[in-house]
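**Student:** Could you work out the structure for the sequence below:
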Amino acid sequence: METNPYKTPVAQLEPTLATGVSGTYGPFRDNGPLKSILLILLVLDSMFVLFTSGVLNYLDMEQYQSDEYWLTDEPSRLDAIIDMANSAHGILIIVTVVVFAMWINRSCKNAWLLDPPRMRITPGWSVGYYFIPILNLWKPYLAMKEIRSASYGRDHALRRTLPLWWTFWIISSMLGQIIFRMYLNSDSDESYLMACKLSFVSVPVDVILNYIAMILVTGITTAQKRRLAQWHA
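**Tutor:** Residues are numbered from 1 along each chain as shown. Next up is the predicted model:
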């Protein structure tokens with residue numbers, strides 16, 4: 001069937017991925033579905049943060065300072081709700097960490113395919129550095145910078161987003177450790193209430209972190225697909 005030369009071509013909204021392309025760590029991985037799942041998880045995590053560290057934390061402070069709460073030996077209904085919400089949030093965090101690790105690993109493998117000279121950190125270490133004390137303060141950031149540069153083909157892409165993401169990641173991690181230890185070692189009303197107040201501080205930090213992470217994940221995933229399509233056009 002002949003193509004009408006006068007017909008207006010239909011614009012492609014999504015770049016067409018090249019097939020049969022393979023690099024140091026195998027073929028190109030389409031991270032689009034994984035990105036969508038991760039975005040949903042990050043939105044859910046933000047909602048849980050607002051609910052658990054915000055609403056329930058405030059109600060817990062009010063309850064903790066009431067005289068009626070200490071007159072009964074059994075846990076209150078609010079205590080049960082807090083335990084259930086924290087357990088559900090904990091499961092969500094584990095799932096989010098696993099999916100995020102998968103996305104980083106696959107994105108790093110794609111980066112080795114798109115621009116090997118820019119890459120130094122392997123896909124395995126791009127995830128493993130997050131779990132090694134001291135090294136996890138800067139090595140994961142360097143890995144993400146390499147992935148960013150190889151994905152976009154330039155070093156200045158996301159030049160503000162990437163440092164901002166890592167800054168909030170460090171602050172969120174430190175706050176989480178401090179709050180956890182304060183709750184664990186709280187031996188007085190003052191220390192417990194201080195931990196509750198610090199939890200309020202972590203709410204905007206975690207929500208902003210999730211938002212920046214969504215921008216980062218979306219940007220790198222789209223850039224990798226676009227660059228592969230242009231590279232093999």
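**Student:** helices and strands around the host helix or strand of Ala101, which ones?
**Tutor:** The secondary structure element spanning Ala101 is helix 77-114 (assigned by DSSP states H and E). Helix 77-114 is packed against strand 22-23, helix 32-49, helix 57-64, helix 123-128, helix 139-152, helix 189-231, with contacts defined by 3 or more Cβ pairs under 8 Å, 6 or more residues apart in numbering; DSSP states H and E. For every residue, glycine as well, the C-beta is placed using N, CA and C.
**Student:** who does the worst-scoring helix or strand of the chain on mean pLDDT pair up with?
**Tutor:** Of all helical and strand segments in the chain, the minimum by mean pLDDT, DSSP states H and E falls on strand 22-23, at a mean of 78. Sheet neighbours of strand 22-23, with direction, are listed as strand 26-27 (antiparallel) (DSSP bridges).
**Student:** Averaged pLDDT, the partner strand. What do you get?
**Tutor:** Throughout strand 26-27, pLDDT has a mean value of 92.
**Student:** chain center to that strand: distance?
**Tutor:** Chain-centre distance of strand 26-27: 25 Å, with Cα atoms, centre = their mean, to the nearest Å.
**Student:** what do you get for stretch 166-179?
**Tutor:** For stretch 166-179 - counting by Cα atoms, centre = their mean - the centre lies 13 Å from the chain centre.
**Student:** buried ones in it?
**Tutor:** Trp166, Phe168, Trp169, Ile171, Ser172, Leu175, Ile179 (16 or more other Cβ atoms under 10 Å).
**Student:** With secondary structure as new columns, can those residues be given to me in a markdown table?
**Tutor:** A markdown table is the format used below for the buried residues of stretch 166-179 (DSSP: H, G, I helix; E, B strand; the rest coil):
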| residue | secondary structure |
| --- | --- |
| Trp166 | helix |
| Phe168 | helix |
| Trp169 | helix |
| Ile171 | helix |
| Ser172 | helix |
| Leu175 | helix |
| Ile179 | helix |
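**Student:** so where's this structure uncertain?
**Tutor:** 1-20, 71, 231-233 (pLDDT under 70).
**Student:** what's the angle between the helix holding Ala101 and helix 32-49?
**Tutor:** Relative orientation of helix 77-114 and helix 32-49, computed by axes from the mean of the first three to the mean of the last three Cα atoms, to 10 degrees: 150 degrees.
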